[in-house]
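Engineer: A predicted structure for the sequence below; I have some questions about it.
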Amino acid sequence: MEVWLVRHGVTAHNQNGIWQGQRDVPLAPEGRAQARRLAERLARLDLTWTSLHTSDLSRAFETARIVGARLGLEPRRDRRLREVCVGELAGLTRPEVQARFADYVTRSQQDPWHTRFPGGETLAELYDRVWAFLRELADGRHLVVSHGGAIRAAVLGVLEARNAVPWRIRLENTSITRLHFPEGVTGGGFVHAVGDAAHLEAGWDLDG
């Protein structure tokens, strides 16, 4: 089984360094352009897809809808693919978080997986729901549009590195992360690519 995990297109919050979490922030115009470039790249691969799944948050769903229209796939929404709930940090910039929640910042640096976002989730809870979703996938090649935190949780699970700091994995908007499970999710897996955003690079021509 193959799982191609895609981060949603860029939003105004992304562009301005604002924490989103589960805030339902739509794509920015640039995010829609990124999704179209991604869709064209995937179409040129001429692959057969078993399914297209997406977070139900609008930035992911709109990305999936643009891609699905090009590939002839209907997106299936699943709340388990949402970004981690950051609670009271949603809507704040990083400097604001550091100023208002200094104690949380210190604790999260010591134990990033089990320190709860103020009024939100832990990364361990994010991991559990993402992997519950992955374990339900049938054999085939699946395209999954989600969020940076959720994709990092999937990668670190394959690497058996749940205690690693997830934010050290760089994921551009609409980047592709590929996981391969030769014997299904319960049989272990391999990471084939992380954060591949070649379609966003200068010189990548939509017109071929």
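Structural biologist: Thanks, I have the structure now.

Engineer: residue contacts, the residue positioned nearest the centre of the chain?
Structural biologist: For the chain, the residue lying nearest the average C-alpha position, counting by CA atoms, centre = their mean, turns out to be H147 (2.6 Å). Shown in contact with H147 (CB atoms under 8 Å, 6 or more residues apart in numbering): 7-8, 55, 57, 60, 81-84. Glycine gets a C-beta too; all of them are placed from N, C-alpha and C.

Engineer: Mark which of the residues you listed are part of strands, please.
Structural biologist: Counting by DSSP state E, the members of the contacts of H147 that fall within strands are R7.

Engineer: Out of the contacts of H147, which end up buried?
Structural biologist: The neighbour-count criterion (16 or more other CB atoms under 10 Å) marks 7-8, 55, 57, 60, 81-84 among the contacts of H147 as buried.

Engineer: Reformat the residues you listed as a markdown table; add distance to E201 and pLDDT.
Structural biologist: Compiled in a markdown table, the buried ones among the contacts of H147 are given as follows (distance: CB to CB, whole Å; pLDDT from 0 to 100):
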| residue | distance to E201 | pLDDT |
| --- | --- | --- |
| R7 | 16 | 98 |
| H8 | 19 | 98 |
| S55 | 25 | 98 |
| L57 | 27 | 98 |
| A60 | 23 | 98 |
| L81 | 26 | 98 |
| R82 | 29 | 98 |
| E83 | 25 | 98 |
| V84 | 28 | 97 |
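
Engineer: Dump those residues to CSV, plus distance to Q22.
Structural biologist: Compiled in CSV, these are given as follows (distance: CB to CB, whole Å):
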residue, distance to Q22
R7, 15
H8, 13
S55, 9
L57, 7
A60, 11
L81, 11
R82, 5
E83, 6
V84, 8
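
Engineer: Among these, which are located in helices?
Structural biologist: Where the buried ones among the contacts of H147 overlap with helices, as defined by DSSP state H, the overlap consists of A60.

Engineer: from the buried ones among the contacts of H147, which is closest to R32?
Structural biologist: For these, the minimum distance to R32 (CB to CB) is 10.8 Å, reached by H8.
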